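Student: A structural model of the following input is requested.
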Amino acid sequence: GIASEGGVVLKKGKKPEAVIKRFLDLTTDPGDLVLDFFSGSGTTAAVAHKMNRRWVAAELAEKQVTDSVGRLRRVVGDKDRTGVTTVANWQGGGGFRFLEVGAPLFVKDAESDLRILNPDYTNGPLTRAVCALEGFALTGDKWLQGRNGNHFAHITEDFVDDSLVMKLSLRLKNGEKLSIYAAKGMKRSLGLPLGVTVKSIQSDLLKRYNN
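Tutor: From the prediction side, this is the model:
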């Protein structure tokens, strides 16, 4: 009787919510994080949500993504009365964020077989990718685009020169640091101000990415 559980029909491989609940009862406590890297119809995430667990679910198949997102919205909105809803005393609430994983920042060059900066990453996408990789939160500022505590980041597709370094460093307050990430490297410089570093996206980040 689980064919339409959660409002999702999946003839092969669909697990009963009661079975997943049993697993989570044995291995987790409320507030724990449940990871499902092959989400399918979203059963594990749905049960985890009803049991007040945090969860991360990933799925590649577009049809399954659509079905599971719809299912989880029904769980949040208390519109799913199937599965373990009653026994878990679930009455709706909470929420989740739906994110799409982007293409890798570095790809193999077809001719040389070397890893190069993905040519699709320009402007905004490049800024978002570098900030995500390096642990900076986006600020929305044109110059200090990322922030992690008192550490800021600026990402540019062009060469870094003294003029840009000076313009950025003047925006820093005492004790603040800045990392400049350059897609094309740095032109000859007289020296960097204290707390300012320049990193090449192609070489410095690629080395970390390969490791």
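Student: so what pLDDT did the closest residue in space to residue 128 that isn't next to it in sequence get?
Tutor: In space, and not counting its chain neighbours, residue 128 is closest to residue 138: 6.6 Å by Cβ to Cβ, 6 or more residues apart in numbering. No exception for glycine: its C-beta is placed from N, CA and C like everyone else's. With respect to pLDDT, residue 138 scores 92.
Student: ok, now which ones touch residue 138?
Tutor: Under the criterion of Cβ atoms under 8 Å, 6 or more residues apart in numbering, the contact list for residue 138 reads 127, 128, 131, 145, 146.
Student: Would you mind checking these for buried ones?
Tutor: 127, 128, 131, 145, 146 (16 or more other Cβ atoms under 10 Å).
Student: how near is the second one to residue 121?
Tutor: With distances defined as Cβ to Cβ, to the nearest Å, the gap from residue 128 to residue 121 amounts to 9 Å.
Student: ok, now the first one?
Tutor: According to Cβ to Cβ, residue 127 stands 9 Å off from residue 121.
Student: what does the fourth one give?
Tutor: Separation of residue 145 from residue 121 (Cβ to Cβ) stands at 14 Å.
Student: Could you do the last one as well?
Tutor: Residue 146 sits 15 Å away from residue 121 when distances are taken as Cβ to Cβ.
Student: Same question for the third one.
Tutor: The span separating residue 131 from residue 121 equals 12 Å under the rule Cβ to Cβ.
Student: Where does pLDDT dip in this structure?
Tutor: For the chain, residues meeting the criterion pLDDT under 70 lie at 1, 11-13, 112, 114, 116, 122-123, 188-190, 209-211.
Student: residue boundaries of the helices in it?
Tutor: 17-27, 43-50, 62-76, 123-134, 162-169, 206-210 (DSSP state H).
Student: Pick the most deeply packed of the ones you listed.
Tutor: Most buried of the helices of the chain by mean neighbour count (mean count of other Cβ atoms under 10 Å) is helix 43-50; its value is a mean of 26.
Student: and it, how far from the chain's centre?
Tutor: 20 Å (Cα atoms, centre = their mean, to the nearest Å).
Student: before we move on, what about stretch 74-90?
Tutor: Taking the mean C-alpha point of stretch 74-90 and that of its whole chain, the gap between them comes to 28 Å (Cα atoms, centre = their mean).
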